[in-house]
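K.L.:
Okay, predicted coordinates and the sequence, questions at the end:
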Amino acid sequence: MKAAVIHEFGPADVLKIEDAAAPRSSAGEVLVRVRAVRVGGLLDVGTRAGRNPFARFSFPHILGADFAGDVVEVGEGVERVKARDRVAVSPFVACGQCPACTSGRDYGCPNAQLIGINRQGSYAELVSVPEKVVRRIPDQVTYEQAAALALSGPVAFTQFSVAGLKPDDWVLVTAAASGLGLVTALVARALGARVIATSRKDWKRKLLAERGFEHVLDTDDEGFAGKVAEITGPTGAAIAVDNIASASMFPKLQASLGRLGVLISSGAQVAEPVPLDMRALYLKSQSVVGIRTHTQAALDGFWRLAEEGVEALVDRTFPLEEVADAHRYVEAEKNFGRVLLTID
Ligand SMILES: [Zn+2]
């Protein structure tokens, strides 16, 4: 089968299109013909460059995490899907046995494996994956859309399930023009929330407004919390989602939260120690929760929600043969929305 293979860490040129041995589906696994794969900054570009500390594998290796395609065959015991089903696959394979998994909070599983990191990935015509991360997709969702949503959609669904989102709640989504942030904002809206989207870049705020977000703010704005209060009124935001962990931004987010407000940390791109106003936390009964990824239940919940229409923004697609160009494009941070590989 055709695959993009790496034999070493390094620049985009280390990605080579080769003929690799095709996998078969073993018990509990699903063999998928890949149609579209997301190219991400951390799991893909960071791993290829040797910057992912969790990437310990032997070469040759096939990258590729979240993707969509068609089921070719299923191994013994697989019941969730059958041959020819159109499916989306999340790369996060929780162990199913640890206390986090057995309590339904598998986003905290310490033994999870990642497709494309701990197992061969989806930059290939065929990949075999565990049944538990495979979900059928609605007919109207394209492979490209499904690949763009396969991980971030269920992550967002998990965030809002844990935070107890209710219709008409005000939800603040930071970095809403990023690939993950935009899906988070769209899922919040699909769940009936009122969304305040933020971006620090003027051109991105303009694009967010064009995507129908009525309230778009700049977190660098000194009067940020005041502007949120003007929008929400005295209730404040019920939930704030932060993927940045910046010492200058975090206090503004907490100040925007109302009583019983929940601040969700789902990423730490800047990863600074942040000041937490303990007095406000205590007096307003607020919480701060870290959520690394998604639950099994959120895979079901998200794809049910997607039947009503959650449209990710796809910036650009590249054929698998141009995988090195796709990596350079993501590395240059030129994209607004998801970048995908497609395999005909
Ligand atoms: Zn586990």
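P.N.:
Looks like it arrived, so ask away.
K.L.:
What about Thr102, how many residues nearby?
P.N.:
With neighbours defined by other Cβ atoms under 10 Å, the count for Thr102 comes to 12. Using the backbone N, CA and C atoms, a C-beta is placed for each residue, glycine as well.
K.L.:
Remind me which helix or strand the nearest residue to it once chain neighbours are set aside belongs to.
P.N.:
Spatial nearest neighbour of Thr102, chain neighbours left out: Gly96 (7.8 Å); criterion: Cβ to Cβ, 6 or more residues apart in numbering. Assigned by DSSP states H and E, Gly96 belongs to no helix or strand.
K.L.:
hang on, Gly96 packs against Asn111?
P.N.:
No: between Gly96 and Asn111 there is no contact under Cβ atoms under 8 Å: 9.1 Å.
K.L.:
re the thing from before, report the contact partners of the residue nearest to Thr102.
P.N.:
Going by Cβ atoms under 8 Å, 6 or more residues apart in numbering, Gly96 touches 102, 106, 132.
K.L.:
please redo it, this time with the cut-off set to 10 Å
P.N.:
When contacts are counted by Cβ atoms under 10 Å, 6 or more residues apart in numbering, Gly96 touches 102, 106, 109, 111-112, 130, 132, 296.
K.L.:
All the helices of the chain, residue numbers only.
P.N.:
Taking DSSP state H, the helices of the chain run over residues 47-48, 99-102, 143-149, 152-163, 179-190, 202-210, 224-232, 250-256, 278-283, 296-306, 323-331.
K.L.:
any chance of those in JSON lines, plus mean pLDDT?
P.N.:
Shown next, in JSON lines, are those (pLDDT from 0 to 100):
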{"stretch": "helix 47-48", "mean pLDDT": "96"}
{"stretch": "helix 99-102", "mean pLDDT": "96"}
{"stretch": "helix 143-149", "mean pLDDT": "97"}
{"stretch": "helix 152-163", "mean pLDDT": "97"}
{"stretch": "helix 179-190", "mean pLDDT": "92"}
{"stretch": "helix 202-210", "mean pLDDT": "93"}
{"stretch": "helix 224-232", "mean pLDDT": "97"}
{"stretch": "helix 250-256", "mean pLDDT": "97"}
{"stretch": "helix 278-283", "mean pLDDT": "96"}
{"stretch": "helix 296-306", "mean pLDDT": "96"}
{"stretch": "helix 323-331", "mean pLDDT": "97"}
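K.L.:
near the ion, which residues of the stretch 101-250 of the chain?
P.N.:
Residues of the stretch 101-250 of the chain found near the ion (Cβ under 5 Å from the ion) are 101, 109, 111.
K.L.:
Filter the residues you listed down to the buried ones, ChimeraX style.
P.N.:
Entered in ChimeraX, the line below selects the buried ones among those, by 16 or more other Cβ atoms under 10 Å:
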select :101,109
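K.L.:
between the residues of the stretch 101-250 of the chain next to the ion, which is nearest Val274?
P.N.:
Comparing these against Val274 with Cβ to Cβ picks out Cys109 as the nearest, at 25.3 Å.
K.L.:
The closest one touches Cys98, doesn't it?
P.N.:
Yes: look at Cys109 against Cys98 with Cβ atoms under 10 Å: they come within range, at 5.7 Å.
K.L.:
can you redo the helices of the chain as TSV with distance to Phe57?
P.N.:
Shown next, in TSV, are these (distance: least, Cβ to Cβ, whole Å):
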stretch	distance to Phe57
helix 47-48	9
helix 99-102	23
helix 143-149	22
helix 152-163	23
helix 179-190	24
helix 202-210	35
helix 224-232	42
helix 250-256	35
helix 278-283	41
helix 296-306	25
helix 323-331	18
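K.L.:
Of all those, which one comes closest to Thr342?
P.N.:
helix 143-149 (7.0 Å).
K.L.:
Can you tell me the closest non-neighbouring residue to the residue minimising distance to the centre of the chain?
P.N.:
Nearest residue to the geometric centre of the chain (Cα atoms, centre = their mean): Ser152, 2.4 Å. Closest residue to Ser152 apart from its sequence neighbours, by Cβ to Cβ, 6+ apart: Val183 at 4.0 Å.
K.L.:
Enumerate every residue touching that neighbour.
P.N.:
Neighbours of Val183 in contact, by Cβ under 10 Å, 6+ apart: 148-149, 151-157, 173, 176, 302, 310-313, 337-338.
K.L.:
Just the buried ones out of those, please.
P.N.:
For the contacts of Val183, buried by 16+ other Cβ under 10 Å: 148-149, 151-157, 173, 176, 302, 310, 312-313, 337-338.
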